[in-house]
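**Q** build me a model from this:
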Amino acid sequence: MAQKDLDLNLTLTDDITLPEPAEGGSNWTPVGKVSYPYTGTIDGGGYTLTGMVINSTENNQGFVGYLGSAGKVQNLTFANATVTSSGWQVGIVAGYNEGTVENSHTIGTFSVEGFESVGGIVGYNSGLVFACINSSAVRATVEKNSLELYEFAVGGVGGIVGDNYGGDVIACGNKGVVNGKYNSGGIVGRHDGGSVIASWTQGTNETHNDGNAPSSTENGVGNEASGCIITHCYVLSEESDVTVSISNMNTAIEEYNSKASVKCLYRWVPVTGGYPTLKTVTE
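**A** Residues are numbered from 1 along each chain as shown. Coordinates of the predicted model:
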């Protein structure tokens with residue numbers, strides 16, 4: 001399996017349901033670590049992995065723990081997944097991403113929780129995240145030291161990506177509730193370099209930038225460094241008229257593709273009574 005052969009390419013040919021773990025246990029070991037990143041391709045083929053549970057105290061927790069620059073996860077849906085860690089870089093698809101996460105989604109009832117750099121899809125991103133939709137609840141933990149119970153200044157809690165450092169987040173959507181005290185956003189919690197383009201989040205997130213002030217209600221990014229790119233990102237409700245938003249997001253994708261070496265081959269389309277969804281295109 002990929003946990004041992006870290007450049008192995010895998011393609012799913014059917015749905016997979018993992019066995020329920022013992023109480024407090026796990027039924028999945030993350031693929032790849034800092035010292036041994038996963039550099040192959042996992043292609044879900046449009047199938048669904050159901051019931052992944054990870055309970056850990058370590059950093060880099062997710063389906064893939066550490067995705068190297070040559071690594072890729074694509075076309076895979078996660079149903080009823082739960083990833084819980086007291087560590088950093090925690091996400092359903094990847095804890096730490098230097099590669100590409102594409103067309104991978106979360107559905108059902110599940111959550112992701114960690115100390116810092118916590119995302120519904122990717123915890124920490126310096127690579128590419130294309131066309132992913134998250135429905136999971138995302139939150140940062142409350143820590144206790146020897147003197148008192150208090151919330152640390154944890155940061156980077158996002159519906160799609162917790163911390164985006166030099167990576168690109170393109171054409172992603174978040175339906176999950178995000179709850180964090182610092183640097184929290186419906187799309188990206190903390191954005192320091194790279195691009196967040198043509199993405200949206202639902203508008204009921206309990207997110208904050210500094211413990212008091214709500215995160216941006218305009219673009220779904222909790223906190224951004226100066227000079228970061230945020231283009232046509234929106235906070236939506238099911239009642240929103242998304243006609244203009246969809247047109248602007250699709251234009252932004254085309255502009256991104258005109259300059260990018262790796263193209264985003266997805267466009268937003270409307271759904272009656274719901275949030276926009278994605279379709280594949282050819283260029």
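**Q** beta partners for Ala94?
**A** Legend: beta-bridge partners of Ala94 under DSSP bridges are Val64, Val122.
**Q** any idea of the mean pLDDT for stretch 184-203?
**A** The predicted model assigns stretch 184-203 a mean pLDDT of 91.
**Q** now do the buried residues in it.
**A** 184-192, 194-202 (16 or more other CB atoms under 10 Å). Where you see a C-beta, it was placed from the backbone N, CA and C, and this is true even at glycine.
**Q** same check, this time on stretch 64-79
**A** For stretch 64-79, burial by neighbour count (16+ other CB under 10 Å) applies to 64-68, 71-79.
**Q** out of those residues, which sit inside helices?
**A** Using DSSP state H, no member of the buried residues of stretch 64-79 falls in helices.
**Q** what's the average pLDDT for stretch 167-180?
**A** For stretch 167-180, the mean confidence score works out to 91.
**Q** quick one: end-to-end distance for that stretch.
**A** End-to-end span of stretch 167-180 (CA to CA, to the nearest Å): 21 Å.
**Q** what of stretch 221-239?
**A** Terminal residues of stretch 221-239 are spaced 21 Å apart (CA to CA).
**Q** please apply the same query to stretch 221-229.
**A** Distance across stretch 221-229, first residue to last, is 11 Å (CA to CA).
**Q** then stretch 233-245?
**A** Looking at stretch 233-245, the gap from its leading to its trailing residue is 8 Å under the measure CA to CA.
**Q** how about that stretch: buried residues?
**A** For stretch 233-245, using 16+ other CB under 10 Å, the buried residues are 233-236, 240, 242, 245.
**Q** how about residues contacting it?
**A** Counting by CB atoms under 8 Å, 6 or more residues apart in numbering, stretch 233-245 makes contact with 186-187, 196-204, 216-221, 232, 249, 270, 273-276, all of which sit outside it.
**Q** show me those that map onto helices.
**A** Met249.
**Q** so where is this protein shaky, pLDDT-wise?
**A** 1-4, 141-155, 203-217, 283 (pLDDT under 70).
**Q** can you map out the helices along it?
**A** Listed in chain order (using DSSP H), the helices of the chain are 243-259.
**Q** without its sequence neighbours, what residue ends up closest to Gly120?
**A** Using CB to CB, 6 or more residues apart in numbering and skipping residues adjacent in sequence, the residue nearest Gly120 is Asn134, 3.3 Å away.
**Q** residues contacting Arg190?
**A** When the contact criterion is CB under 8 Å, 6+ apart, the partners of Arg190 are 155-156, 158, 162-164, 183, 222-224.
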